[in-house]
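Enquirer: kindly generate the corresponding structure for this input.
(one chain, ligands or ions: 1)
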Amino acid sequence: MDLRLHGVSKSFHQQTVLQQIDLLIPSGEICGLLGPSGSGKTTLIRLMIGAIQADAGSIQIGDTSMPNFKMLPEIGFMPQNDALYEDLSGLANLQFFGSLYNMSRQDLTERIEEVLTLVDLTNDQKKLVRHYSGGMKKRLSLAISILHRPTVLFLDEPTVGIDPVLRRQIWNQFQAIRAQGTTIVVSTHVMDEINECDRAALIYNGRIIAYDPLDRLLAQTENGQVEELFLLAGKDVT
Ligand SMILES: Nc1ncnc2c1ncn2[C@@H]1O[C@H](COP(=O)(O)OP(=O)(O)OP(=O)(O)O)[C@@H](O)[C@H]1O
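Expert: Residues are numbered from 1 along each chain as shown. Take a look at the predicted model:
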């Protein structure tokens, strides 16, 4: 499903966090939200999933204006900090979160097997999450977020603290999920990860300083480095 944001603004107390955000994210694409810490990426995702309400502007997923509970089955969300039960196994976590969705027992069992394969956790499914590595927890969170076959998936800095080899594997998994027709919105502050996206929005201080398909974004740079676009906007990023 397409995502459309028009003139979206959000403040917390007296602080303006997002200003006049316009975005059209086409169905079935991976859209990166790239920006330094504190630029507003998480807030933008929370607005898009309907967890918080915009002060101004409109957000639509498909034809539905957000926030709307009706859209919950369509939305997958992987938060920045893993929300897992450490004293349960990976499998038991999947069974618990799966029970929150309206899936038959057989469908859930089959789907759990499918997502475990996708994130390569089949052999570790019976281990307690407490004994998982950071990367395994990330992959379990990803499996949980796609369990109910969402059409739009939001990933908030999914590769933070992940080594380069595992990062590659995780991005391969995102590509596989996209290949099944899911629209993916993924936030990151790692400039290189933009190369994995179909399009990206560069966010600085709550504003979008560039938003284009990847080839057009890179064509705006001299050396093919998106850092340049932040610098051109008169800013520096880490
Ligand atoms: N619920 C809230 N109440 C008050 N301020 C908030 C709230 N949520 C976010 N902010 C502020 O909004 C700004 C943007 O935060 P946000 O988490 O969206 O940035 P981010 O780009 O996701 O950062 P990071 O990469 O560090 O996660 C920050 O200054 C933050 O302190």
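Enquirer: how about the strands in this protein?
Expert: Ranges of strands within the chain are 3-12, 15-25, 30-34, 56-61, 64-65, 75-78, 152-156, 183-188, 199-204, 207-213, based on DSSP state E.
Enquirer: how about the residues of this structure by the ligand?
Expert: Within reach of the ligand by Cβ under 6 Å from any ligand atom, the chain has these residues: 12, 17, 35, 37-43, 80, 189. Heads up, the C-betas are built off the backbone N, CA and C, glycines and all.
Enquirer: circling back to that earlier point, okay if I get the strands of the chain as a markdown table plus mean pLDDT?
Expert: Shown next, in a markdown table, are the strands of the chain (pLDDT from 0 to 100):
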| stretch | mean pLDDT |
| --- | --- |
| strand 3-12 | 97 |
| strand 15-25 | 96 |
| strand 30-34 | 96 |
| strand 56-61 | 96 |
| strand 64-65 | 94 |
| strand 75-78 | 94 |
| strand 152-156 | 96 |
| strand 183-188 | 95 |
| strand 199-204 | 94 |
| strand 207-213 | 93 |
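Enquirer: make a markdown table out of these and add mean neighbour count.
Expert: Converted to a markdown table, these look like this (neighbours: other Cβ atoms under 10 Å):
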| stretch | mean neighbour count |
| --- | --- |
| strand 3-12 | 17 |
| strand 15-25 | 17 |
| strand 30-34 | 25 |
| strand 56-61 | 18 |
| strand 64-65 | 13 |
| strand 75-78 | 21 |
| strand 152-156 | 23 |
| strand 183-188 | 24 |
| strand 199-204 | 24 |
| strand 207-213 | 17 |
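Enquirer: in a markdown table: these, plus distance to residue 121.
Expert: Converted to a markdown table, the strands of the chain look like this (distance: least, Cβ to Cβ, whole Å):
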| stretch | distance to residue 121 |
| --- | --- |
| strand 3-12 | 29 |
| strand 15-25 | 29 |
| strand 30-34 | 22 |
| strand 56-61 | 29 |
| strand 64-65 | 33 |
| strand 75-78 | 15 |
| strand 152-156 | 17 |
| strand 183-188 | 20 |
| strand 199-204 | 29 |
| strand 207-213 | 33 |
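Enquirer: which among those is found nearest to residue 146?
Expert: Residue 146 lies closest to strand 75-78 among the strands of the chain, at 5.3 Å (Cβ to Cβ).
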